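[1] Kindly generate the corresponding structure for this input.
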Amino acid sequence: MDIKILGTGCPKCKAIEKATRDFVESNGIDATVTKVDDIMEIMAYNVMVTPAIVIDGKVVLKGRVPSDIEIAKLITGQ
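    From the prediction side, this is the model:
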């Protein structure tokens with residue numbers, strides 16, 4: 001699984017990145033979590049409002065900070 005956190009480095013982006021990495025690590029999920037802060041790369045996903053989460057090339061959340069439970073649901077697909 002390929003997870004990208006899109007954001008320019010604001011506190012919200014950092015919070016999502018930390019929560020995502022923590023969930024992946026603590027649950028032994030085989031995933032690569034990458035932080036994308038290049039504005040042109042972010043725009044390539046048609047994301048105009050950050051933070052955003054992209055899982056396997058699909059934007060699954062943008063413009064807000066999800067709860068830990070929502071992050072878990074996005075990653076596990078439940």
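[2] switch to C-alpha atoms for all contacts and neighbour counts from now on
    Will do.
[3] Please report phi then psi for the closest residue to V49 other than its chain neighbours.
    Closest residue to V49 apart from its sequence neighbours, by Cα to Cα, 6 or more residues apart in numbering: G63 at 4.9 Å. Main-chain dihedrals, G63, degrees, to the nearest 10: phi 80, psi 0.
[4] what's the answer for I55, then?
    Torsion angles, degrees, to the nearest 10, at I55: phi -120, psi 120.
[5] which ones are touching it?
    1-4, 75 (Cα atoms under 8 Å, 6 or more residues apart in numbering).
[6] Quick check: the farthest pair among those residues?
    K4 and I75 (11.4 Å; Cα to Cα).
[7] With neighbour numbers in mind, choose between these two.
    The neighbour comparison of K4 against I75 (other Cα atoms under 10 Å) goes to K4, with 22 against 18.
[8] what's the helix or strand for that one?
    strand 2-6 (DSSP states H and E).
[9] what's the longest helix in the protein?
    helix 11-26 (DSSP state H).
[10] after that one comes which helix or strand?
    By DSSP H and E, the next helix or strand past helix 11-26 is strand 32-36.
[11] that older thread, quick check, nearest of the contacts of I55 to T32?
    Nearest to T32 among those, with distances taken as Cα to Cα, is D2, at 5.1 Å.
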